[in-house]
Each structure stands twice: as structure tokens, then as C-alpha cells.
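Asker: Could you look at this predicted model? Sequence included:
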Amino acid sequence: MIGCECDVCTSPDKKDNRLRSSILVQSPETTLIVDTGPDFRYQMLRENVKHLDAVLYTHPHKDHLAGLDDIRAYNFFTRKPMDIYADSLTEEALRRDFYYAFSDTKYPGIPELDLHTITLEPFMVKDIPVTPVLVWHLKMPVMGFRFGKFTYITDANRIDESEREKIRGSEILVLNALRKAQHISHFNLAEAIDLVGELGVPEAYFTHISHQLGLHAEVEAELPPGCHLAFDRLTLNV
Ligand SMILES: [Zn+2]
Ligand SMILES: [Zn+2]
């Protein structure tokens with residue numbers, strides 16, 4: 001956190017220094033990103049991501065949208081608009097926050113987007129199958145995504161039984177766990193661990209972690225078998 005001097009924010013362990021939550025999903029043919037937070041540009045530079053086919057959005061909060069403008073680098077190389085997948089709530093925010101990308105008079109250098117409105121219907125991003133999973137962030141609907149045996153869920157504090165069914169059978173689940181203390185719109189660590197057990201997913205990684213959770217090494221050592229803390233640059237093969 002900006003200006004914070006706590007043990008986590010000043011930790012020499014790289015796993016304690018986190019940027020905003022996002023994942024990159026890659027198949028031999030396709031590369032997609034889930035969310036473009038304010039760190040999107042730096043994350044793409046750091047990982048040297050030269051090609052991107054699509055962006056999927058979970059929900060309209062700024063820490064998941066703010067970096068969209070830098071999509072224009074990919075527009076520049078491919079000379080075509082970026083495929084964007086978002087539900088109607090997020091679409092509304094995109095049209096408002098990035099109004100200039102949707103205006104009739106386009107000046108050079110603005111991000112070019114090809115917006116696809118998604119519902120809970122499964123869809124394909126080239127060869128990657130995507131099943132949206134509806135989760136709740138207090139009262140806001142958030143899209144989780146299942147890609148084959150891998151499911152990514154962020155910014156949730158409640159999941160209806162019908163949607164839990166879509167997650168079951170995943171081999172790996174990434175799930176948000178903000179901190180140990182209760183939070184109004186995020187699972188805390190105990191809730192996230194319970195949910196992993198309830199869903200029967202053998203391997204889980206907790207994400208969207210606040211500095212209030214504690215040091216990575218200490219918390220990781222306390223977790224039950226199969227549960228881990230995610231960290232920036234973590235790579236999983238599914
Ligand atoms: Zn949020
Ligand atoms: Zn968030």
C-alpha cells in the first residue's frame with residue numbers, strides 16, 4: 001500500500017510485494033488477460049507480453065479496469081481492435097470511464113475495442129473455452145471464469161449453490177482471500193479455506209490479498225494441504 005511501513009509492505013520477500021490482481025491465460029494459440037488493473041501496463045512490460053488476443057472482465061471496480069487505455073499498444077501492432085468480453089454492468093462502466101474510445105470522432109492513438117457482451121452462457125476465445133461463473137461481491141454480480149480444469153474467482157464474498165456446481169471438478173481454483181479479519185465484500189482467509197474444502201478442489205491459490213493478511217511465508221506455512229497463497233508472477237500449468 002502506498003506510504004505503508006508495515007512488515008508486509010517493507011518485506012524483502014518478493015512474494016510480499018503485490019500488484020493489482022489479474023491473470024494471463026495462454027494456450028498454444030491464444031493469450032488472454034482477465035482484468036486490466038492500474039498495473040496492467042507495467043505487468044505487460046515486465047512479462048514482455050508481445051501478443052494479446054482478448055481481455056475478459058470480472059466486474060467494474062477501478063482496480064480491475066483502470067489500465068485498459070494501454071491496450072492501444074496491441075492495437076498498434078495488430079492494426080485491429082482488441083476483443084473485450086464484459087457483462088452489461090462492466091460494459092456500462094467501460095463506456096463511461098473510457099468514453100473517448102467509444103466516440104464517433106476517433107483521434108489517433110485511442111484504444112480500439114471490439115466489445116462483446118457476455119452473459120452466463122459459455123463462450124470461446126479462439127481455442128480457449130470459457131464458462132462464466134456468477135459470484136457476489138456484496139451486492140455486485142462478478143464474473144468468475146472457468147477455463148477447462150482451471151477456475152479463477154476474484155472479488156467475491158458469496159457464491160450461490162447453482163454456481164458452485166460449475167466450479168466443482170476443477171483441478172485448480174484461484175480464489176480471493178483478502179485478510180484474516182472479516183470483510184464486507186471479500187472472502188477472508190478462513191472463509192476461502194472452507195469454500196475450497198466444500199468444493200472439493202484439490203489445489204487452490206488465494207489472490208487479491210491485502211497487506212493485512214500478513215507475511216507470505218508465515219501465512220503459507222499455516223494453510224491446509226492443497227491451499228497456497230498466490231504471488232505475483234506465479235505460473236500454473238493446467
Ligand atoms: Zn471489487
Ligand atoms: Zn478488486
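Answerer: On my side now, so go ahead. Ligands and ions are numbered 1, 2, ... in the order given.

Asker: Which stretches in this structure count as strands?
Answerer: In the chain, the strands defined using DSSP state E lie at 23-26, 31-34, 54-56, 82-86, 113-117, 123-125, 128-137, 140-147, 150-153, 172-176, 203-207, 227-229.

Asker: May I have the lowest-mean-pLDDT helix or strand in the chain exported as CSV, CA atoms only?
Answerer: Of all the helices and strands that make up the chain, helix 72-78 has the lowest average by mean pLDDT, DSSP states H and E, namely a mean of 95. Output for helix 72-78, consisting of C-alpha atoms alone and laid out as CSV, is shown next (Å, rounded to 0.1, in the frame of the first residue of the first chain):
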residue,chain,number,x,y,z
ARG,A,72,-3.5,0.6,-27.7
ALA,A,73,0.0,-0.9,-27.8
TYR,A,74,-1.6,-4.1,-29.1
ASN,A,75,-3.8,-2.2,-31.5
PHE,A,76,-0.7,-0.6,-32.9
PHE,A,77,1.0,-3.9,-33.7
THR,A,78,-2.0,-5.9,-34.9
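
Asker: list the buried ones in it?
Answerer: 72, 73, 74, 75 (16 or more other C-beta atoms under 10 Å). Yep, even glycine has a C-beta here, placed from its N, CA and C like the rest.

Asker: about what we covered before: could the strands of the chain go into JSON lines alongside mean neighbour count?
Answerer: Formatted as JSON lines, the entries for those read as follows, by neighbours: other C-beta atoms under 10 Å:
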{"stretch": "strand 23-26", "mean neighbour count": "18"}
{"stretch": "strand 31-34", "mean neighbour count": "22"}
{"stretch": "strand 54-56", "mean neighbour count": "24"}
{"stretch": "strand 82-86", "mean neighbour count": "22"}
{"stretch": "strand 113-117", "mean neighbour count": "15"}
{"stretch": "strand 123-125", "mean neighbour count": "15"}
{"stretch": "strand 128-137", "mean neighbour count": "19"}
{"stretch": "strand 140-147", "mean neighbour count": "22"}
{"stretch": "strand 150-153", "mean neighbour count": "23"}
{"stretch": "strand 172-176", "mean neighbour count": "25"}
{"stretch": "strand 203-207", "mean neighbour count": "22"}
{"stretch": "strand 227-229", "mean neighbour count": "20"}
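
Asker: any chance of the ones you listed in a markdown table, plus mean pLDDT and distance to ligand 2?
Answerer: What follows is the strands of the chain, written out as a markdown table (pLDDT from 0 to 100; distance: least, C-beta to the ion, whole Å):
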| stretch | mean pLDDT | distance to ligand 2 |
| --- | --- | --- |
| strand 23-26 | 98 | 13 |
| strand 31-34 | 98 | 12 |
| strand 54-56 | 98 | 15 |
| strand 82-86 | 98 | 15 |
| strand 113-117 | 97 | 21 |
| strand 123-125 | 98 | 22 |
| strand 128-137 | 98 | 8 |
| strand 140-147 | 98 | 9 |
| strand 150-153 | 98 | 12 |
| strand 172-176 | 98 | 8 |
| strand 203-207 | 98 | 10 |
| strand 227-229 | 98 | 17 |
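
Asker: Please tell me how far stretch 37-50 is from the chain's geometric centre.
Answerer: Per C-alpha atoms, centre = their mean, to the nearest Å, the displacement of stretch 37-50 from the mean C-alpha position of its chain is 14 Å.

Asker: Check the model's average confidence along that stretch for me.
Answerer: Over the span of stretch 37-50, the pLDDT mean works out to 98.

Asker: May I see the buried residues of it?
Answerer: Residues 37, 39, 40, 43, 44 are the ones in stretch 37-50 that count as buried (16+ other C-beta under 10 Å).

Asker: Kindly provide the distance from the nearest residue to the first one once chain neighbours are set aside to ligand 1.
Answerer: Counting by C-beta to C-beta, 6 or more residues apart in numbering, residue 37 lies nearest to residue 20, which is 3.2 Å off, once chain neighbours are set aside. Relative to ligand 1, residue 20 is positioned 10 Å away (C-beta to the ion, to the nearest Å).
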